[in-house]
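# pasting the sequence and the predicted coordinates here, then a few questions.
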Amino acid sequence: MAGKRVTVQGIFAADLTFRATGIPGWGETLLGDHFQVGPGGKGSNQAIAAARLGAEVVFITKLGRDMFGELARRTYAAEGVSDRHIHESSDHTTGAAAIVVDAVRGENAIVVVPGASDALTLAEVESAAADIGVSSVFLTQFELKLPVVERGIRIAAERGVKVILNPAPAVTVATPIYASVDYLTPNESEARLLSGLPVDSVAEAARAADFFLAHGARNVLITLGARGVLVKNAQLCEHVPAVEAGRVVDTTGAGDAFNAGFAVALAEGADLISATRFGCAVAGVAVTRFGTAPAMPRREEVEALLGGGDR
């Protein structure tokens with residue numbers, strides 16, 4: 001199983017999801033038609049999705065000692081995600097996210113408070129070095145504090161582990177961080193904010209990808225929602241279409257589903273384009289369901305969608 005291990009570093013946040021016909025402005029109250037609480041946080045979603053797809057998953061994070069922390073631990077036990085690098089804080093509450101989903105379009109707006117995850121220390125990341133070193137893929141995002149993100153990336157890079165950086169949410173970073181990244185996976189808005197370039201078409205996405213390649217990233221995958229993914233490196237530039245699995249009802253977590261599927265496929269030895277298609281299929285199933293972690297598909301569903309496997 002070591003060859004299929006995916007280590008994910010990120011946050012857990014309890015998702016408080018509200019579905020309504022719009023997003024209220026400041027000072028406005030809007031009646032919604034659905035509410036639920038469930039496990040979320042980009043790193044946590046990605047870890048759960050990767051486990052459902054068949055990977056051995058180690059998750060690095062920090063929780064509070066509260067009801068949301070208990071929700072996280074119950075979830076990981078049920079999903080088969082290792083908790084040996086999940087730390088606890090008695091001084092911070094577990095992270096939480098307020099998510100408003102447009103009931104008609106399925107699009108979303110999110111506010112995240114990382115909570116205890118913000119207290120994850122460099123020493124705690126270092127304590128996971130052995131597990132990171134025997135992984136096939138290391139996956140992280142920008143929801144943790146930047147020094148913690150950078151330390152995890154460097155540990156993986158120094159040990160020859162493939163590094164996927166999902167730069168979400170987009171934050172200002174020193175461009176040298178990209179030199180340690182094998183696969184950079186921004187969405188349209190993140191690519192725009194980080195590169196300073198427009199990303200309103202596939203051609204513009206390719207030019208934005210050049211910015212990241214010029215600063216050291218070895219492969220750039222810009223996710224374009226319903227338009228699929230633009231993949232570019234020094235040798236190729238290819239547009240991979242989205243994979244449709246039914247009516248889109250909730251795009252929350254689509255990027256997490258893609259990143260998890262992409263990571264698992266890479267861990268299993270798939271080439272770049274095949275891994276991208278697999279990630280698109282995972283996202284394609286996820287957006288037909290409400291929620292984040294609960295919407296992540298299992299392996300057999302993705303393979304059925306791809307007609308027995310695209311990789």
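Now that the structure is in, tell me what you want to look at.
# please name every helix or strand in contact with the helix or strand of the chain with the lowest mean pLDDT.
The helix or strand of the chain with the lowest confidence, counting by mean pLDDT, DSSP states H and E, is strand 108-115 at a mean of 89. Packing contacts for strand 108-115, counted by 3 or more Cβ pairs under 8 Å, 6 or more residues apart in numbering; DSSP states H and E, involve strand 13-20, strand 94-102. (C-beta placed from N, C-alpha, C; glycine too.)
# now do the helix or strand hosting Leu165: distance to the chain's middle.
Here Leu165 sits within strand 162-166, counting by DSSP states H and E. Centroid separation for strand 162-166 versus its chain: 10 Å, with Cα atoms, centre = their mean, to the nearest Å.
# cool, stretch 134-142 as well?
On the basis of Cα atoms, centre = their mean, stretch 134-142 sits 11 Å off its chain's mean C-alpha point.
# got a list of contacts for that stretch?
2-10, 42-43, 46, 50, 58, 132, 149, 152-153, 155-156, 161-171, 173, 259-260, 263-264, 266-268 (Cβ atoms under 8 Å, 6 or more residues apart in numbering).
# out of those residues, which are inside helices?
Among these, the members found in helices (DSSP state H) are 42-43, 46, 50, 132, 149, 152-153, 155-156, 259-260, 263-264, 266-267.
# if we only consider these, which is nearest to Ser90?
Comparing those against Ser90 with Cβ to Cβ picks out Gly43 as the nearest, at 21.5 Å.
# the closest one: neighbour count?
By the criterion of other Cβ atoms under 10 Å, Gly43 has 26 neighbours.
# go on, the one 4 residues further on?
The burial metric for Ala47, expressed as a neighbour count using other Cβ under 10 Å, is 34.
# what stretches of the chain score poorly on pLDDT?
Low-confidence segments of the chain (pLDDT under 70): 1-3, 308-311.
# can you rerun that using 80?
1-3, 106, 174-175, 308-311 (pLDDT under 80).
# just the strands in it please.
5-9, 13-20, 34-40, 56-64, 81-89, 94-102, 108-115, 137-141, 162-166, 183-184, 219-223, 229-232, 237-240 (DSSP state E).
# do you know which of those lies nearest Leu197?
Nearest of these to Leu197, taken as Cβ to Cβ: strand 219-223 at 10.8 Å.
# contacting residues around the closest one?
Taking Cβ under 8 Å, 6+ apart as the rule, strand 219-223 contacts 182-188, 191, 199, 205, 208-209, 212-213, 229-233, 254-255, 258, 262, 272, 276, 283.
# tell me the angle of that strand relative to strand 162-166?
Interaxial angle of strand 219-223 relative to strand 162-166 (axes from the mean of the first three to the mean of the last three Cα atoms, to 10 degrees): 30 degrees.
# which ones are touching Glu124?
Ile60, Lys62, His85, His87.
# at 6 Å what do you get?
Residues in contact with Glu124, defined by Cβ atoms under 6 Å, 6 or more residues apart in numbering, are His87.
# list the contacts of stretch 294-306.
By Cβ under 6 Å, 6+ apart, stretch 294-306 touches 38, 48-49, 52-54, 245, 253, 257, 281-282, 285-286, 289, 309.
# what packs against the strand holding Leu165?
For strand 162-166, the packing partners by 3 or more Cβ pairs under 6 Å, 6 or more residues apart in numbering; DSSP states H and E come out as strand 137-141, helix 146-158, helix 254-267.
# Phe68: which of the ones you listed is closest?
Phe68 lies closest to helix 254-267 among these, at 18.2 Å (Cβ to Cβ).
# ok, and what's touching that closest one?
By Cβ under 6 Å, 6+ apart, helix 254-267 touches 4, 6, 42, 45-46, 49-50, 53, 55, 136-137, 139, 162, 164, 166, 185, 187, 223, 275, 278-279, 282-283, 286-287, 296, 311.
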